[in-house]
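Novice: Give me coordinates for this.
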Amino acid sequence: MINGTNRGGAMNLSQLAHLVALLETGSFTRAAEALHLSQPAFSRSIQLLEGELGTLVDRIGKRNEPTPLGRLVGQRARRVLAEVEEIRREAEMLAQGETGAIRLGLGAAPSALLSVPLMQHLLDHYPKLRVKLSRGPTESLLVSLRERVLDALIVHIRTLDNEEDLEVAPMPALASGFVCRPGHPLLDLRGATLADVLDYPVVSTGLSPEIRRRLAGAAAPAGFELHMECEDISYLFDIVERSDAVFLGVLASARTLAESERLVRLPPPPDFDIQAHFAFVTLRGRSISPATRITRERCLQVIQEAAGA
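Specialist: Alright, predicted model coming up:
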């Protein structure tokens, strides 16, 4: 590698991006391939940068390892490149206005509650705004958010850790409880207890450790386990309609089926008044697009209406 310095040179963003790729891959060949460059052109770019700054990478056998200077420049290069990307994003947002796109990730319960009213609202009021909704477990949605595949998420707060890179905006609490089919034997019981309910299979999209402990206490000494757990809430509702299983989750997510009398809310058992807490999640420090703001406001409105129902 070049060891001299050429203070008259002028580094550019491409050279910084090339250095970051080299540090991440540890290989001139793989880095050049990833950037769709010839190896001679890639090597020349690194040489020019080293000519200006000093030795950034040491060759040790077949390995390429960053020097202390290389690690420092690499760290700062990543920050510079991230800032440049934010400049591009903000310029694009100003140019797009309300004609942009929103890529929203939804947990199972938020998806059941928000998908239709959100898409209907955007279609009616923002017909030029493109929408992509993705549903899945929080872990996979967070990966997509961090990889910039998604712009925002709405998930249960209980599924989030205290991640420093996330901006978490809590939303109003929603009542949770049990739902069953019309004619279910539990509806014939007056003042059904939690133990009575747990005599039947319980299905859900997932439960917090606290709720599991409370259910296990009520089911003692046998203990408690969910009979079925599924991210697709529509499958769970189908099972509940066709069996004696009961659904435990956000009551508002079953509102449409309850209004059509396909499902019935069970009176809450004594001392089992529980709530669900959703959050609107974005990456900290990342600009919020107009489309994301519009989406957040509509989803908040729907949840506020559900919380007040």
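Novice: just checking, what packs against the one helix or strand residue 293 maps to?
Specialist: Per DSSP states H and E, residue 293 falls inside helix 290-308. Under the contact definition 3 or more CB pairs under 8 Å, 6 or more residues apart in numbering; DSSP states H and E, helix 290-308 sits against helix 68-96, strand 101-106, helix 108-125, strand 152-156, strand 174-180, strand 278-283. From N, CA and C alone the C-beta is placed, and that goes for glycine too.
Novice: Give me the angle between the helix or strand just after the third one and helix 290-308.
Specialist: If I follow you right, that is helix 108-125. Scanning forward in sequence from helix 108-125 by DSSP H and E, the next helix or strand is strand 130-135. Put simply, strand 130-135 runs at 50 degrees to helix 290-308, going by axes from the mean of the first three to the mean of the last three CA atoms, to 10 degrees.
Novice: all helices for the stretch 151-300 of the chain, in order.
Specialist: Using DSSP state H, counting those that start in this stretch, the helices of the stretch 151-300 of the chain run over 194-197, 209-218, 233-241, 255-259, 290-308.
Novice: between those helices, which one is nearest to residue 50?
Specialist: helix 290-308 (40.6 Å; CB to CB).
Novice: hmm, who's touching the closest one?
Specialist: Residues outside helix 290-308 that contact it (CB atoms under 8 Å, 6 or more residues apart in numbering): 93, 96-98, 100-102, 104, 110, 113-114, 117-118, 121-122, 126, 129, 151-152, 154, 169, 171-175, 252, 255, 278, 280, 282, 288.
Novice: ok, 7 Å please
Specialist: The contact list for helix 290-308 (CB atoms under 7 Å, 6 or more residues apart in numbering) reads 93, 97-98, 100-102, 104, 113-114, 117-118, 121, 126, 129, 151-152, 154, 171-174, 252, 278, 280.
Novice: same thing with stretch 156-165?
Specialist: Residues contacting stretch 156-165 (CB under 7 Å, 6+ apart): 107, 138, 168, 170, 208, 276-279, 283-284.
Novice: How far does it stretch from one end to the other?
Specialist: 17 Å (CA to CA, to the nearest Å).
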